[in-house]
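A.B. asks: Below are the sequence and a predicted model; questions follow.
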Amino acid sequence: MLFETKFWKVVLSDEQSYLGRCVILFKRDCEELSNLTSDELLDFHENIVKKLESTFKKVFDATMFNWTCLMNNAYQKENPKPYVHWHFRPRYNHDVKFAGEEFQDPDFAHHYNRERKNFVSKELLKKISDEVKKYL
């Protein structure tokens with residue numbers, strides 16, 4: 001986990017096809033965005049969106065960001081249980097070298113590619129996490 005707020009937890013994903021990919025988990029059970037309170041939405045904007053975007057600009061010089069809240073997979077099950085969460089993908093118009101690895105975004109300026117998968121080692125994930133935490 002990178003950090004948490006009163007209502008949200010931010011977890012760095014081990015799938016880093018887009019360097020800095022995170023999942024933002026809502027702390028209470030909630031199936032629809034329309035059920036979020038004003039305080040929960042304000043917390044998301046002020047303490048998650050602003051903080052993550054600013055941090056990834058500083059740490060890896062991210063160019064832009066994709067935010068998704070789809071919840072489609074929940075409905076692939078017989079008894080669906082959707083829950084509000086967000087996927088955060090920093091996007092880059094340049095290659096990024098970090099910890100001896102090179103991260104590329106060949107789909108920049110287009111929808112992110114769901115087929116791209118780059119699961120990184122626990123060691124590399126910790127290095128990314130440690131670097132990001134310096135700027136949070």
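C.D. replies: Yep, that arrived.
A.B. asks: Give me the helices and strands touching the strand ranked longest in the chain, please.
C.D. replies: For the chain, the strand with the greatest residue count under DSSP state E is strand 85-91. For strand 85-91, the contact count by 3 or more Cβ pairs under 8 Å, 6 or more residues apart in numbering; DSSP states H and E identifies strand 22-26, helix 50-60, strand 64-68 as packing neighbours. Bear in mind the C-beta positions are built from the backbone N, C-alpha and C, glycine included.
A.B. asks: Next, the angle strand 64-68 makes with it.
C.D. replies: The directions of strand 85-91 and strand 64-68 differ by 160 degrees, with axes from the mean of the first three to the mean of the last three Cα atoms, to 10 degrees as the criterion.
A.B. asks: Next, the angle from strand 85-91 to helix 50-60.
C.D. replies: Computed with the same axes, to 10 degrees, the direction of strand 85-91 lies at 30 degrees from that of helix 50-60.
A.B. asks: Following element in sequence after strand 85-91, please.
C.D. replies: Per DSSP states H and E, the first helix or strand lying C-terminal to strand 85-91 is strand 96-98.
A.B. asks: Partner strands of the helix or strand following that next one, with direction?
C.D. replies: Following strand 96-98 in sequence order, the next helix or strand is strand 101-103 (DSSP H and E). Looking at strand 101-103 with DSSP bridges, its paired strands and their directions are strand 96-98 (antiparallel).
A.B. asks: ok, and what's touching the partner strand?
C.D. replies: Residues from elsewhere that reach strand 96-98 (Cβ atoms under 8 Å, 6 or more residues apart in numbering): 19, 60-61, 102-103, 127-128, 131.
A.B. asks: and K9, which of the three is it?
C.D. replies: The local conformation at K9, judged by DSSP: H, G, I helix; E, B strand; the rest coil, is strand.
A.B. asks: Just want the phi and psi numbers for the most far-flung residue of the chain relative to its centre.
C.D. replies: Largest separation from the mean C-alpha position in the chain: E78, at 27.4 Å (Cα atoms, centre = their mean). Dihedral angles of E78 (phi, psi; degrees, to the nearest 10) stand at phi -60, psi -40.
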